[in-house]
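# After the sequence you'll find the predicted model.
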Amino acid sequence: MAKPESTDPPLIELRNVTKTYGGGVLSRDSTVALDDVSLTVRGDTPQIVSVVGESGSGKTTLASLLMGFIAPTSGTILYEGQDVSSLSGPRMREFRRDVQAVFQDPFSVFNPFYKVDHVLTVPIRKFRLARSRSDRHDLMVNALETVGLRPDETLGRYPHQLSGGQRQRVTVARALMLRPKLIVADEPVSMVDASLRATILESLRTVNQTLNVPILYITHDLGTAYHVSDHILVMYRGTIVEAGDVETVITAPKHPYTQLLINSIPWPDPDRRWGQEIATRSEQVTVPEGHGGCRFAERCPAVMAKCVENPPPPYLPAADHAAACFLYDDRPELPKEELSRMLTLVPSGSSAQQGEGVPR
Ligand SMILES: Nc1ncnc2c1ncn2[C@@H]1O[C@H](COP(=O)(O)OP(=O)(O)OP(=O)(O)O)[C@@H](O)[C@H]1O
């Protein structure tokens, strides 16, 4: 059953955010990486939400905006109801603590000349998380154990003495020591061997379930998204084209882009029927260059005349399942800013207990 929605302002809210790189909005050289996206991330629903889409679809841009690393070209980003661009020093510090990142390259946070401990002690000092040496040690041990690492085999070592998977789990430990309200993991397993991916994703799952930390998992890999997440957002060229419960979206995708994406993947279980029949064209349509309609029109096997006139709003082809596609224009329309509300409507199904981790 859905939890009653909290009246507190959401942790982060994107309102009509567009991000354009290079040359200004009207320049021919500019790239619209994110196009008028509205999204709400509530910190009180401990879910793992995956953001999937092919390379260049705007996933990292979305993540960077959510973390305040870059500013939007237009639109507003709110942190607990306050415009991020006007946060005072102390509020910015809270924001930086509340939203933690786990990056693609686990090497990027390690200095090869310092022991692994350094990566953990820096945030402890910066955010004054411990009162004494032994407090600090307990904090590190606790965090490492939560992500499945043995502290005696991790502390005191140099980065090169750990495997890629271990290093990435140290970065997860580092993030969770701060008891964040959200972890944004941007392709956290793409640079490690396939054999180590499962352990990293498992550690994220553990953090999510034992400490109730919501996680935004950015990936181009639908397989891991399916296995690890509760909900999924599918992006195509800077827009969210489909969103919903992961099982529903993967097994019964509605948007032709998601259908193509899913059908192009060799799923491991041949007996299981993934995806759906791909929607096909019922009318002959010429897609003019530079049209202002659906960004997927050029590639869409089901393109219709109206698709090149206006961008489709998100419709609700099924309960808690949205697709921005005119194939569903006989279904209720979901106001764009409501798209992400779906992420809070369906409970995660996890039996997550409030964890006993590090006190805030
Ligand atoms: N700093 C930048 N300067 C110019 N263009 C950029 C910059 N960062 C991203 N872009 C462009 O914006 C678009 C979206 O990029 P983004 O990195 O957000 O996509 P992505 O979905 O994360 O891709 P990938 O999966 O390859 O990381 C792409 O066309 C990209 O080339």
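That came through fine. Numbers count the residues shown, from 1 in each chain.

# ok, which stretches of the stretch 101-250 of the chain are strands?
182-186, 215-219, 231-236, 239-245 (DSSP state E, counting those that start in this stretch).

# Does the third one reach the ligand?
Spelled out, that is strand 231-236. No. Against the ligand, strand 231-236 shows no contacts by C-beta under 6 Å from any ligand atom, the least distance being 6.7 Å. The C-beta positions use only the backbone N, C-alpha and C, and glycine is treated the same way.

# what's the distance between that strand and the middle of its chain?
Here strand 231-236 is found 9 Å from its chain centre; the criterion is C-alpha atoms, centre = their mean, to the nearest Å.

# which other helices and strands contact that strand?
strand 48-52, strand 239-245, helix 246-251, helix 256-263 (3 or more C-beta pairs under 8 Å, 6 or more residues apart in numbering; DSSP states H and E).

# circling back to that earlier point, got the strands of the stretch 101-250 of the chain as a markdown table, with mean neighbour count and mean pLDDT columns?
Formatted as a markdown table, these follow (neighbours: other C-beta atoms under 10 Å; pLDDT from 0 to 100):
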| stretch | mean neighbour count | mean pLDDT |
| --- | --- | --- |
| strand 182-186 | 24 | 91 |
| strand 215-219 | 26 | 92 |
| strand 231-236 | 26 | 93 |
| strand 239-245 | 26 | 91 |
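
# Could you show which parts of the stretch 1-150 of the chain are in contact with the ligand?
Residues of the stretch 1-150 of the chain found near the ligand (C-beta under 6 Å from any ligand atom) are 21, 22, 31, 33, 53, 55, 56, 57, 58, 59, 60, 61.

# hmm, 5 Å instead?
21, 31, 33, 55, 56, 57, 58, 59, 60, 61 (C-beta under 5 Å from any ligand atom).

# surely the last one meets residue 20?
Meaning residue 61. No. Here residue 61 does not reach residue 20: they are 9.9 Å apart, not a contact under C-beta atoms under 8 Å.

# so what sits against both of these two?
Residues touching both residue 61 and residue 20 by C-beta atoms under 8 Å, 6 or more residues apart in numbering: residue 33.

# of those two, who's got more company?
Ranked by neighbour count (other C-beta atoms under 10 Å), residue 61 and residue 20 place residue 61 first, with 24 against 20.

# Since that was my last question, I'll sign off now.
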